[in-house]
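Q: Provided below for reference: sequence and predicted model.
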Amino acid sequence: MPNATEDTTLVSERVDRLLADHPPSRVSPEAFWAAQFDLGLAWVHFPEGRGGLDVDPRLQDLVDSRLREAGAPSNRLVNFMGVGMAAPTIVAYGSEEHKDRFLRPIWTCEEIWCQLFSEPGAGSDLAGLSTMAVREGDEWVVNGQKVWTTMAHVAKWAMLLARTDADVPKHKGLTYFLIDMEQAGVEVRPLRQLTGDAEFNEVYLTDARVHDHMRVGEEGEGWTVSMGTLMNERVALGDMSNAPRGSGPISHALRVWRGRQGDDPVKRDQLVRLWIETELTRLTALRAQAKRDRGVPGPEGAVGKLAMTLAVQSTWEFVTTLQGLDGTVVDHYDLVRPTVMSEEALSDREDIDLAKAFLTTRGTSIGGGTTQIARSVLAERVLGLPGDVRVDKDVAWRDVPRS
């Protein structure tokens, strides 16, 4: 039976050693992350030797808070898809070879990851995707198009969901792969966003090859594995539990209010309501984290993501309204292909572009699953309400009408 006190002591001692031997101000971020992984402080609930200590996942809060206070670098936005989605999926469903090969370079950001799920004709209905993987000996040949692929232009590896059997219902004919983004047959094209940046991409796969040992889970079980990935994504997007009270977008609302608004009682009431909503979202994330079991998170991950989306969008709308016409001015719309995910919408930095931060939040209703899908997940899987009518549930994918 694990001893909570002993585990806490172990984690604290490892953090002490990390900070003493690798002071954040004196080593590169990559060297710091490598040492953090080797000490088991990357994901503390992961197995020993795989970036963890096999302890209660709640102890990650202790690690993160102490490292944040010490000014340690964060890899969350540098390799969001890898750290928040690929790694938990590989630990839960991957082979021992996958774990040995990928976990450390994911954490150190030596290899950036992206997610090849959504398609032009399969967004909310992900199971309807058309990208095909056909087996040839020990390899799979992949053809299709993916879209809204965040950071694909800098990614070395991708999580790929493809159809391997068209003669069974759509949820049953999918298989999950890990695919090299730098190989022949993979073309990445930028998708320009409202901000002018191209953080998103479309990806064309033309006779791209994946060896069968890069398959995650059994053939035809890709839907189950992909749901694990998506639940981890929603947890990562909605996890505000490590954010200090009053941080993020609400800090900008307070700053702009104090600088511009005087004592307008209506707007003051709006500001207080937004602050309360933000704090409720943060506390909800804390409670959800406290209840989260080891392994793959459940549908409750959609709660935090949905709450965060609504709170962030409302707060930035308020900030933009406070600024009046000044809030509509953007310095430039030059096409920029960022090397890390945008942090403006959640950042505390006073030098961020407020207008671009507002524009960025328009997409949070879509990324990580639409707001409508999140509500459906909560209704069906958390509240136990009847599901939507699905007329194609038992029909072979090949026979389902498509536009």
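A: All right, it came through fine. Owing to the predicted nature of the structure, the values given are computational and were not obtained by experimental measurement. Residues are numbered from 1 along each chain as shown.

Q: Can you pull the poorly scored residue ranges out of the stretch 151-300 of the chain?
A: 234-243, 261-262, 287-300 (pLDDT under 70).

Q: Show me the helices in it, by range?
A: Per DSSP state H, counting those that start in this stretch, the stretch 151-300 of the chain carries helices over the ranges 222-238, 249-260, 265-291.

Q: Would you format those as TSV with distance to residue 74 and mean neighbour count included?
A: Every residue, glycine included, has its C-beta placed from N, CA and C. Shown next, in TSV, are the helices of the stretch 151-300 of the chain (distance: least, Cβ to Cβ, whole Å; neighbours: other Cβ atoms under 10 Å):
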stretch	distance to residue 74	mean neighbour count
helix 222-238	13	22
helix 249-260	18	18
helix 265-291	17	16
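
Q: Tabulate these (a markdown table), appending distance to residue 171.
A: Output for the helices of the stretch 151-300 of the chain, formatted as a markdown table (distance: least, Cβ to Cβ, whole Å):
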| stretch | distance to residue 171 |
| --- | --- |
| helix 222-238 | 5 |
| helix 249-260 | 37 |
| helix 265-291 | 27 |
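
Q: out of those helices, nearest to residue 312?
A: helix 249-260 (5.5 Å; Cβ to Cβ).

Q: I'd like the distance between residue 387 and residue 393.
A: 10 Å (Cβ to Cβ, to the nearest Å).

Q: So which residue is dead centre in this protein?
A: residue 233 (3.9 Å; Cα atoms, centre = their mean).

Q: Could you verify my assumption that that one touches residue 374?
A: No: between residue 233 and residue 374 there is no contact under Cβ atoms under 8 Å: 11.4 Å.

Q: hmm, back to that, OK, contacts around the residue nearest to the centre of the chain?
A: Applying Cβ atoms under 8 Å, 6 or more residues apart in numbering to residue 233 gives the contacts 84, 85, 115, 368, 369.

Q: if you set the cut-off to 7 Å instead, what comes out?
A: By Cβ atoms under 7 Å, 6 or more residues apart in numbering, the contact set of residue 233 is 84, 85, 368.

Q: Which of those residues has the largest number of neighbours?
A: Using other Cβ atoms under 10 Å as the neighbour criterion, residue 85 leads the contacts of residue 233 with 27 neighbours.

Q: What residue spans form the domains of this protein?
A: 4-107, 113-225, 226-382 (automatic domain parsing).

Q: From one end of the first one to the other, what's the distance?
A: What it means is domain 4-107. End-to-end distance for domain 4-107, by Cα to Cα, to the nearest Å: 26 Å.

Q: same question for that domain, mean pLDDT?
A: Domain 4-107 shows a mean pLDDT of 95.

Q: For the remainder of this discussion, apply numbering that starts at 808.
A: Right, with 808 as the first residue, what we last looked at is domain 811-914.

Q: quick one on the thing from earlier: please report how far the residue nearest to the centre of the chain lies from residue 1053.
A: Distance from residue 1040 to residue 1053, by Cβ to Cβ: 26 Å.

Q: likewise residue 840?
A: 28 Å.

Q: Settle it for me: which of the two has more neighbours?
A: More crowded of residue 840 and residue 1053, by other Cβ under 10 Å: residue 840, with 27 against 13.

Q: Name all residues that make contact with the more buried one.
A: 882, 914, 915, 916.

Q: Burial check on the second one, number of neighbours?
A: A total of 25 residues lie near residue 914 under the criterion other Cβ under 10 Å.

Q: What of the last one?
A: Applying other Cβ under 10 Å, we find 19 other residues in the vicinity of residue 916.

Q: Kindly report the same for the third one.
A: Other residues near residue 915 come to 23 when the count uses other Cβ under 10 Å.

Q: wait, it sits on residue 836?
A: No: Residue 915 is beyond contact range of residue 836, at 8.8 Å (criterion: Cβ atoms under 7 Å).

Q: quick one: residue 959 and residue 836, what's the gap?
A: Residue 959 is 22 Å from residue 836, by Cβ to Cβ.

Q: With neighbour numbers in mind, choose between the two.
A: residue 959 (27 against 15).

Q: Now do the contacts for that one.
A: 921, 988, 995, 1008, 1010.

Q: Show the backbone phi and psi for the second one.
A: The phi and psi torsions at residue 988 (degrees, to the nearest 10) take the values phi -80, psi -10.

Q: Could you do the first one as well?
A: As for residue 921, its main-chain torsions (degrees, to the nearest 10) stand at phi -140, psi 180.

Q: What residues does the residue nearest to it when sequence neighbours are not counted make contact with?
A: Nearest non-adjacent residue to residue 921, counting by Cβ to Cβ, 6 or more residues apart in numbering: residue 962, 3.9 Å away. Counting by Cβ under 7 Å, 6+ apart, residue 962 touches 919, 920, 921, 988.

Q: List just the nearest of the residues you listed to residue 1121.
A: Distances from residue 1121 to those, taken by Cβ to Cβ, are shortest for residue 921, at 29.3 Å.

Q: That closest one bridge partners, please.
A: Beta-bridge pairing for residue 921 (DSSP bridges): residue 965.

Q: how close does it sit to residue 1036?
A: Distance from residue 921 to residue 1036, by Cβ to Cβ: 12 Å.

Q: Same check on residue 1113?
A: Distance from residue 1113 to residue 1036, counting by Cβ to Cβ: 18 Å.

Q: next one: residue 1156
A: 30 Å.

Q: residue ranges for the strands of the stretch 908-1057 of the chain, please.
A: 920-923, 939-943, 946-953, 964-970, 981-987, 993-998, 1007-1018, 1022-1023 (DSSP state E, counting those that start in this stretch).
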